[in-house]
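Novice: here's my sequence, what's the structure:
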Amino acid sequence: MSAAPAHPSEAEAARAHWHPVLDSPALRDTPQAVQLLDQALVLWRDAQGQAHAWADRCPHRGARLSLGRVCEGQLECAYHGWRFAQSGRCVQVPALPDFVPPVGHSAQVFATQEAYGLIWVRLAEGPHALPLFPAEHDGGLRKVLCGPYDVATSAPRIVENFLDMAHFSFVHEGWLGERGRSAIVDYAVQPTATGILATNCWAWQPKSNLHSTQGAMVEYRYEVSAPFAAVLTKVPQAGTTALAAWRESIALFICPVTAETSRVWFRLAVADWDSPDAALQAFQHTIFTQDQPVLESQSPRCLPLDPRAELHTVADKASAAYRRFLKGAGIRFGTC
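Specialist: You can find the predicted model right below:
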């Protein structure tokens with residue numbers, strides 16, 4: 001049974017965090033409708049190319065602003081032609097040419113910024129910075145964006161799967177794991193200001209990356225950098241890749257569309273300047289589309305925070321720590 005839509009109070013803590021909503025190149029001259037935390041948004045660019053995110057509702061008669069157009073650097077409603085400046089304030093009512101709209105005649109505006117090839121939105125004021133992706137500033141690594149993927153499950157379920165090594169030998173058999181070598185050695189987990197950090201994580205992988213030439217032990221490091229974002233770095237044994245200096249980091253960025261539906265991107269940072277984007281994206285696509293049907297099969301779709309709701313072992317210590325982090329941070333959207 002599907003969970004009821006999240007009550008506004010359940011999204012309150014999540015609203016103060018930054019979330020990705022759209023690829024930056026996808027927003028051009030035409031307004032785009034997106035959804036974040038059950039909130040309908042319109043995205044548009046002004047004459048200077050600055051991205052804006054507003055509630056997708058004209059304050060006049062409630063029509064969707066995403067049906068409108070950008071005209072002379074302003075957003076025009078498709079219903080009555082009201083025009084709104086970058087600040088959100090209405091500056092023109094065509095039916096009343098001499099009317100000067102007061103300040104209260106304004107669209108609802110949300111904080112917006114662009115980073116990692118994505119447009120990010122925050123629905124409420126808060127102290128939180130964008131999720132950290134340290135490899136973004138490493139000039140020796142090439143950056144490639146993968147996705148988006150629309151997934152019929154909650155954002156927390158997707159993060160937990162990203163942190164989970166015990167599924168490699170079964171969901172990713174022949175790629176990231178092998179049934180005969182499925183044991184998980186103990187690893188370290190500690191809480192951080194943004195989530196959790198898991199280190200000294202090791203897994204045997206037949207093909208850990210695009211350039212693997214043989215199976216290898218691969219060291220992982222996981223960091224949850226926001227409630228619905230995480231980063232992993234993976235380093236295979238020396239001599240097991242065609243590129244001698246191979247290294248990579250993968251960031252997971254999730255838009256929690258509703259409590260039980262998500263949009264997912266992966267941001268790769270790799271020591272590979274020669275392979276086409278499509279080859280790097282194809283490898284990541286293979287891995288995630290192995291995960292997706294399993295993710296969408298999980299019941300409930302929302303992540304249970306009560307430790308008695310599902311069974312746990314020591315191999316699950318990263319996901320258990322992540323659940324404790326969500327509970328302690330007051331993140332209730334996508335949980336149960």
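Novice: what pairs with Trp204 across the strands?
Specialist: Trp204 has these beta-bridge partners by DSSP bridges: Met217.
Novice: what is the neighbour count of it?
Specialist: Other residues lying near Trp204 total 18 when counted by other C-beta atoms under 10 Å. (C-beta placed from N, C-alpha, C; glycine too.)
Novice: from Asp23, how far out is it?
Specialist: Using C-beta to C-beta, to the nearest Å, Trp204 is found at 35 Å from Asp23.
Novice: can you check Tyr220 too?
Specialist: 27 Å.
Novice: compare these two and say which one has the larger neighbour count.
Specialist: Remark: of Tyr220 and Asp23, Tyr220 carries more neighbours, 21 against 14, as counted by other C-beta under 10 Å.
Novice: distance of the more buried one from Phe288?
Specialist: 16 Å.
Novice: now swap in Thr233 and tell me
Specialist: 18 Å.
Novice: repeat that for His105.
Specialist: The value you get for His105 to Phe288, if C-beta to C-beta is used, is 45 Å.
Novice: and for Leu145?
Specialist: Taking C-beta to C-beta, one finds Leu145 at 13 Å from Phe288.
Novice: what do those two both touch?
Specialist: Shared contacts of Leu145 and Phe288 (C-beta atoms under 8 Å, 6 or more residues apart in numbering): Phe266.
Novice: low-confidence ranges in the stretch 151-300 of the chain?
Specialist: The model of the stretch 151-300 of the chain has no residue with pLDDT under 70.
Novice: one more time with 90, if that's ok
Specialist: Where the stretch 151-300 of the chain drops to pLDDT under 90, the residues are 204-218, 235-247.
Novice: please name the nearest non-neighbouring residue to Lys317.
Specialist: Leaving aside its chain neighbours, Lys317 sits nearest to Val189 (5.2 Å; criterion: C-beta to C-beta, 6 or more residues apart in numbering).
Novice: for the one you found, pull up the helix or strand it's in.
Specialist: Using DSSP states H and E, Val189 sits in strand 188-191.
Novice: what's that strand packed up against?
Specialist: strand 196-205, helix 317-329 (3 or more C-beta pairs under 8 Å, 6 or more residues apart in numbering; DSSP states H and E).
Novice: same list, those, but as CSV with distance to Leu65 please.
Specialist: Shown next, in CSV, are the helices and strands packed on strand 188-191 (distance: least, C-beta to C-beta, whole Å):
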stretch, distance to Leu65
strand 196-205, 39
helix 317-329, 32
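Novice: quick one: closest of these to Val93.
Specialist: Smallest distance to Val93 across these (C-beta to C-beta): 43.6 Å, for helix 317-329.
Novice: now the closest one: mean pLDDT?
Specialist: Average pLDDT, helix 317-329: 97.
Novice: show me how far that helix is from its chain's centre.
Specialist: Counting by C-alpha atoms, centre = their mean, to the nearest Å, helix 317-329 is centred 18 Å from the centre of its parent chain.
Novice: show me which positions of that helix end up buried.
Specialist: 317-323, 325-326, 329 (16 or more other C-beta atoms under 10 Å).
Novice: what about the stretch 1-150 of the chain, any weak spots by pLDDT?
Specialist: 1-12.
Novice: just the helices in it please.
Specialist: Using DSSP state H, counting those that start in this stretch, the helices of the stretch 1-150 of the chain run over 12-15.
Novice: all strands in it, in order from the N-terminus.
Specialist: Secondary structure of the stretch 1-150 of the chain (DSSP state E, counting those that start in this stretch): strands located at 19-23, 32-36, 39-45, 51-55, 69-71, 74-76, 83-84, 90-92, 109-115, 118-122, 142-151.
Novice: can these go into JSON lines with extra columns for distance to Arg301?
Specialist: Converted to JSON lines, the strands of the stretch 1-150 of the chain look like this (distance: least, C-beta to C-beta, whole Å):
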{"stretch": "strand 19-23", "distance to Arg301": "18"}
{"stretch": "strand 32-36", "distance to Arg301": "16"}
{"stretch": "strand 39-45", "distance to Arg301": "19"}
{"stretch": "strand 51-55", "distance to Arg301": "26"}
{"stretch": "strand 69-71", "distance to Arg301": "36"}
{"stretch": "strand 74-76", "distance to Arg301": "34"}
{"stretch": "strand 83-84", "distance to Arg301": "36"}
{"stretch": "strand 90-92", "distance to Arg301": "40"}
{"stretch": "strand 109-115", "distance to Arg301": "26"}
{"stretch": "strand 118-122", "distance to Arg301": "23"}
{"stretch": "strand 142-151", "distance to Arg301": "10"}
